[in-house]
Each structure stands twice: as C-alpha cells, then as structure tokens.
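Colleague: I would like to see how this sequence folds:
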Amino acid sequence: MAVYRVYLVHDDGSLEPDESFYCRDDTEAVGKLLPPARDDVCAELWQGGRFIARAARTGPRPTERPHATG
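Modeller: Residues are numbered from 1 along each chain as shown. Below you'll find the predicted structure:
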C-alpha cells in the first residue's frame, strides 16, 4: 500500500493540501479522485513526488454567460 495525496491547485497557482489516503495502486487511487466543487480549483493526485492525475470541473463557469445572438 502506498500513500497518495490530493492537492488543490487554485487559478492563481497557490496549492492547498486536501487529503491523503492509502491505496494498492494508481488505478485505485485515481478512482477516489473527484473534481472539486469549485470551478477555480483543480485537484491533483500525487504519490510521493510522482504526479498521477488531475481532476477539474468541466463546462462554463457560473460567471460566464453565453453571448446573445440575433
């Protein structure tokens, strides 16, 4: 079992440690990685100094509005 850590990466580049957990392998750890609820943050999964995966919300941000046509 290895320790995996999730870090929240904000749009301004700041890092925020989020959680850590034990998993048998990368596949199991990626299965536990969820995108953050906020659009201005992504979650990165690391095992030691090794980057594993990134999760972010998709779609337009709530402050973005579609352009009117017509």
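Colleague: tally of neighbours for Gly31?
Modeller: Using other Cβ atoms under 10 Å, the number of residues around Gly31 comes to 9. Backbone N, C-alpha and C define where each C-beta goes, glycine included.
Colleague: Let's verify it: helix, strand, or coil?
Modeller: Assigned by DSSP: H, G, I helix; E, B strand; the rest coil, the conformation of Gly31 is helix.
Colleague: Now stretch 24-37: average pLDDT?
Modeller: Within the predicted structure, the mean pLDDT of stretch 24-37 is 95.
Colleague: What ranges does the chain have for its strands?
Modeller: Along the chain, the segments classed as strands by DSSP state E run 2-10, 15-23, 41-47, 50-56.
Colleague: I'd like the ones you listed laid out as JSON lines, including distance to Lys32 and mean neighbour count.
Modeller: Below are the strands of the chain laid out as JSON lines (distance: least, Cβ to Cβ, whole Å; neighbours: other Cβ atoms under 10 Å):
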{"stretch": "strand 2-10", "distance to Lys32": "8", "mean neighbour count": "17"}
{"stretch": "strand 15-23", "distance to Lys32": "6", "mean neighbour count": "12"}
{"stretch": "strand 41-47", "distance to Lys32": "8", "mean neighbour count": "18"}
{"stretch": "strand 50-56", "distance to Lys32": "10", "mean neighbour count": "13"}
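Colleague: Any chance of a markdown table for these, columns distance to Leu34?
Modeller: Output for the strands of the chain, formatted as a markdown table (distance: least, Cβ to Cβ, whole Å):
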| stretch | distance to Leu34 |
| --- | --- |
| strand 2-10 | 9 |
| strand 15-23 | 10 |
| strand 41-47 | 7 |
| strand 50-56 | 6 |
